[in-house]
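**Q** Quick one, what's the 3D model for this:
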Amino acid sequence: MKTPHKKDVKVSMDKDFSNMKQYVNSASEGDASVMRRDYKTDMRLWFTYFMMCVLFGTVLAGCSSNPTAPSATSLSVNASGTPIVTTTPAGTFSVSGQVTDADGFPVYDTAAQIIVSIAKAGVQLSSQPLFQGTFSFTGLASGQYVLYAADTAVPPIFKPTNAFVLVNDTAPNVVQIKMSKFPTLFTSSIHLTGQFVTPTNQQAIPFGKVTLGGYETITLSDGRFFLYNVTSGSYQLMLSKSGFTDKSIGLELASTGITLGNKTITSVIATTDSMGKPVTAYDLGVIEAVPDILSTGNLIGMVVDKTGAFIPNFNFKLFYRRDTSSLSEITTARASVLASPKGDFNLVNLPAGYYFGVGLSAQIVQTTTANGVEFSIGGTAYTQGLEVQAGKDTIMTIVANDAAKIVAPTLIPLAVNGIPASYTSLDNVAFQWNGVDSVNQYKLKITSSANSPTPYTVTLNEVAVGVLTAVQTARLNINSIPLGIGNYVWQVGSVDETNSSNPKYSDGEAFSIRPSKNDLSPKDGSSFNIFGTIASITLTWPPDPNSSHVVVSLYDAAGNNIPIVGGGVVAGNGGMQSLQIGWSPAPATTYFWRVRYYYRYSTQPIESEMSSFILF
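**A** Presented below is the predicted three-dimensional model:
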């Protein structure tokens, strides 16, 4: 069928307009009264005008608003003979409603330009922009209509959508149109993350080389990688690693979306990168890479204790090096290998080379020598380099300690004659305990007394110390921890590769921290002049939030107690506390004072050092 030329269409429409004009003129030549026209004729003329608006936009008068099909039209002429055409509403019904986002919130986004249109029987009747998230169409006849909402912004923010509505005298005719947003993408660059794994058991592929155009990184021990500040474009995401077939997959970064292969990427995650820095990135998800079976082998093993008994659920790391040379780089093949409840493990598709079963805290050590950088293992190594050959199974046996058999150390008490030890913030304390066989580290932990209603602040509550099977000593300066005035408990835990995150702790022993004379005010040795026969001085000391009250005592040079009004009792446990005292002193005399802290949960007070001052 021949498509009419635009000029031919215009000629046809000009002819229709000429017929319309002749019709109106013929009406004006007759009676000036209103004449009813045939409704079908009116609809034909309306449709012709509507098509002209579609083809020629606002060139024709009246096309600035969408024409509406009238149900009946009246034609009249005024006194000067000029024809007047008026349209009565097609119906008395209306449709109104609200456009919201996917979460049900009204669309007020000024960057979006939402236009709502209404159509019936495939013909668009009217359209309008949103007004404060709402729309309303009036003068509708009963029937089935379609509402269509579209974002005309460039680029659009919301996806177009439609809704059906039945208009009659019983329907509420109130509609909510929900629009979902296109994926929010970058304007300049974005961060990407993903994880490479094996297809059979989803085992992480660590330390593989990842490239994306000019971007390059290495997968971490869990197979995850990060690419920063990637700009839009078409890329090939590639993974290269010994023992695996090179993996390549297409990645499209465009203003309309992110596509990896045939998968659309919309997920954004907040995580931490290899440096522990928080990062928000688009997550490409899990990507499978196939092992090269021609260059891989399997490692089959078991974990036993020194008696040969299986150790269930044992956790260790696996290190790898390509050959036996000390210059051959050591890498982490598996950050965590967990033996089964029976004590065995099975690692498949490992690149050919040499493997070490090591403790979870073991580290790779690099040493610069005259021959170059040499690699070694720092920490517990259960096995030396065990060769895995391509296409073969290799047996590995881990001999380790059973975490259930680890013994807690025994503390050497600090208490004397059953009285808990007490120290000032200036003291160096020797915490001692008896060592335990098969333990490679201890952890000293200091916490608040279990009876303390308000826990004390302990900046250093756990410190790793060396290992010997004989008596162990950890010397700490109280001020370096630091600990405030109060009651504390110390414990020591035995640590082995089997329980590195869950030390076996000894019973605790109590001790206290008391004020030194330098913590009191006036400071030790201060001097004051007396005016008159009555001495007045303010004494100040540090607080303990758990004490019920304190008692201040004053002594002369001979050690005789000098009475203080109220017995020197001060209640409360707020900030720095003080007490003003007055008495008739002897001239040129040295006086001594101290403060005792009392507790509701203990009969043992904490007593400060004695401080002195001189009155002249």
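**Q** So which residues make contact with stretch 558-568?
**A** 551, 552, 553, 554, 555, 556, 579, 581, 582, 583, 591, 592 (Cβ atoms under 8 Å, 6 or more residues apart in numbering). (Each C-beta comes from the backbone N, C-alpha and C, glycine too.)
**Q** Just the buried subset of these, please.
**A** Among these, those classed as buried by 16 or more other Cβ atoms under 10 Å are 551, 552, 553, 554, 555, 579, 581, 591, 592.
**Q** which residues sit in contact with the residue lying closest to residue 441 once chain neighbours are set aside?
**A** Of all residues not flanking residue 441 in the chain, residue 495 sits nearest, at 4.1 Å (Cβ to Cβ, 6 or more residues apart in numbering). Residues in contact with residue 495, defined by Cβ under 8 Å, 6+ apart, are 439, 440, 441, 442, 443, 464, 503.
**Q** wouldn't the fifth one be in contact with residue 464 here?
**A** What that stands for is residue 443. Yes: using Cβ atoms under 8 Å, residue 443 is in contact with residue 464, at 5.7 Å.
**Q** Of those two, which one has the most company?
**A** Using other Cβ atoms under 10 Å, the more surrounded residue of residue 443 and residue 464 is residue 443, with 19 against 14.
**Q** Specify the beta-bridge partners of that one.
**A** Under DSSP bridges, the beta-bridge partners of residue 443 are residue 464, residue 493.
**Q** Same question for residue 146.
**A** residue 119, residue 164.
**Q** what about it, how many residues close to it?
**A** Residue 146 has 16 nearby residues by other Cβ under 10 Å.
**Q** cool, residue 356 as well?
**A** Other residues lying near residue 356 total 21 when counted by other Cβ under 10 Å.
**Q** likewise the one 5 residues further on?
**A** Other residues lying near residue 361 total 17 when counted by other Cβ under 10 Å.
**Q** Then residue 222?
**A** 14.
**Q** repeat for residue 241
**A** Using other Cβ under 10 Å, residue 241 has 21 other residues around it.
**Q** can you give me the strands for the stretch 51-200 of the chain?
**A** Per DSSP state E, counting those that start in this stretch, the stretch 51-200 of the chain carries strands over the ranges 73-77, 83-87, 93-101, 114-120, 123-129, 134-140, 143-151, 161-167, 174-179, 190-197.
**Q** Let me have these in JSON lines, extended by mean pLDDT and distance to residue 272.
**A** JSON lines is the format used below for the strands of the stretch 51-200 of the chain (pLDDT from 0 to 100; distance: least, Cβ to Cβ, whole Å):
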{"stretch": "strand 73-77", "mean pLDDT": "35", "distance to residue 272": "71"}
{"stretch": "strand 83-87", "mean pLDDT": "35", "distance to residue 272": "67"}
{"stretch": "strand 93-101", "mean pLDDT": "89", "distance to residue 272": "31"}
{"stretch": "strand 114-120", "mean pLDDT": "90", "distance to residue 272": "39"}
{"stretch": "strand 123-129", "mean pLDDT": "87", "distance to residue 272": "45"}
{"stretch": "strand 134-140", "mean pLDDT": "90", "distance to residue 272": "44"}
{"stretch": "strand 143-151", "mean pLDDT": "88", "distance to residue 272": "36"}
{"stretch": "strand 161-167", "mean pLDDT": "87", "distance to residue 272": "38"}
{"stretch": "strand 174-179", "mean pLDDT": "90", "distance to residue 272": "35"}
{"stretch": "strand 190-197", "mean pLDDT": "92", "distance to residue 272": "11"}
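**Q** Just send the ones you listed back as TSV, with distance to residue 347 too.
**A** Shown next, in TSV, are the strands of the stretch 51-200 of the chain (distance: least, Cβ to Cβ, whole Å):
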stretch	distance to residue 347
strand 73-77	86
strand 83-87	82
strand 93-101	49
strand 114-120	57
strand 123-129	64
strand 134-140	63
strand 143-151	53
strand 161-167	51
strand 174-179	50
strand 190-197	14
